[in-house]
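Asker: my questions concern the predicted model and sequence given below.
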Amino acid sequence: YPGLSAESGYGAARRLHAHRTSQGWKMTGRKIGFTNRTLWDRYGVHEPMWGTVYDRTTILAENNKATVPLAGLVQPRIEPEICFRLKSRPPVTRDPQALLGCIEWVAHSVEIVQCHHPEWKVAIADCTADNGLHGRLILGTPVPVEKISGLAAALPFLKVDLFKGEERKDQGIGSNVLGSPLLALSFLIELLKKQSDSPPLEAGE
């Protein structure tokens, strides 16, 4: 689609969101994509973007295990994530400690992303129009932030290994995500503030 921009892609996503909510879908939160700079050259997308997470795309893991139906998803891929639940509307700030004060709990999670373009060849506009490529979000056990001392300072150093059976397929560290998962949250807050048609983050997301 010649002339499609990130902004017009978000406009398309808003229309998709309005259609889904009219069909009874309920928003549970937002996802941030392409926060890992090490992947930008691989996909040809060089900025983060966001999409909406819904009640019917969210799966709660039991005892840290989940079976995930992939029916209806296109070219699904798996991504380890860190998920926050907000207890209040977060301020526009890049102070990790101030952001942590607005968070109720943190959980290891897994997102299944999807792509409607062949071989995952996309531009940023394709991603924003396609709801941030969101497919499913699987939530692990929530841990209240007050139970993890020094969490704001520790998140950039958090290590994640992705295994398929006994084989480690990939690994990452929190600092890959715009410096810290909390700084990725800060990016989303700032981006939403620039988008007059996009609601700000609220408590409960």
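Answerer: It's in.
Asker: what number of residues lie near Gly150?
Answerer: Neighbours of Gly150 under the rule other C-beta atoms under 10 Å: 7. Every C-beta, even on glycine, is put in place using the N, C-alpha and C of the backbone.
Asker: quick one, strands of this protein?
Answerer: Ranges of strands within the chain are 27-33, 49-54, 58-60, 77-86, 103-113, 134-139, 143-144, 159-164, 167-173, based on DSSP state E.
Asker: who touches the lowest-mean-pLDDT helix or strand in the chain?
Answerer: Counting by mean pLDDT, DSSP states H and E, the chain has its least confident helix or strand at helix 40-43, which shows a mean of 81. The list of residues contacting helix 40-43 from outside it, by C-beta atoms under 8 Å, 6 or more residues apart in numbering, reads 34, 46, 120, 122.
Asker: mind redoing it with 10 Å?
Answerer: 33-34, 36, 46-48, 115, 120-124, 127, 133 (C-beta atoms under 10 Å, 6 or more residues apart in numbering).
Asker: among the residues you listed, which lie within helices?
Answerer: If you go by DSSP state H, those have 124, 127 in helices.
Asker: pretty sure Gln114 contacts Pro76?
Answerer: Yes: counting by C-beta atoms under 10 Å, Gln114 touches Pro76, with 5.2 Å between them.
Asker: shared neighbours, the two?
Answerer: Counting by C-beta under 10 Å, 6+ apart, the shared contacts of Gln114 and Pro76 are 70, 133, 135-136.
Asker: would you point out the most distant pair within those?
Answerer: Leu70 and Leu133 (14.4 Å; C-beta to C-beta).
Asker: the more surrounded of those two?
Answerer: For Leu70 versus Leu133, neighbours defined as other C-beta under 10 Å are more numerous around Leu133 (29 against 11).
Asker: and the nearest residue to the more buried one once chain neighbours are set aside, what does it touch?
Answerer: Excluding its sequence neighbours, the residue lying closest to Leu133 (C-beta to C-beta, 6 or more residues apart in numbering) is Val113, at 4.5 Å. When contacts are counted by C-beta under 10 Å, 6+ apart, Val113 touches 31, 33, 51, 73, 75-79, 120, 127, 130, 132-137.
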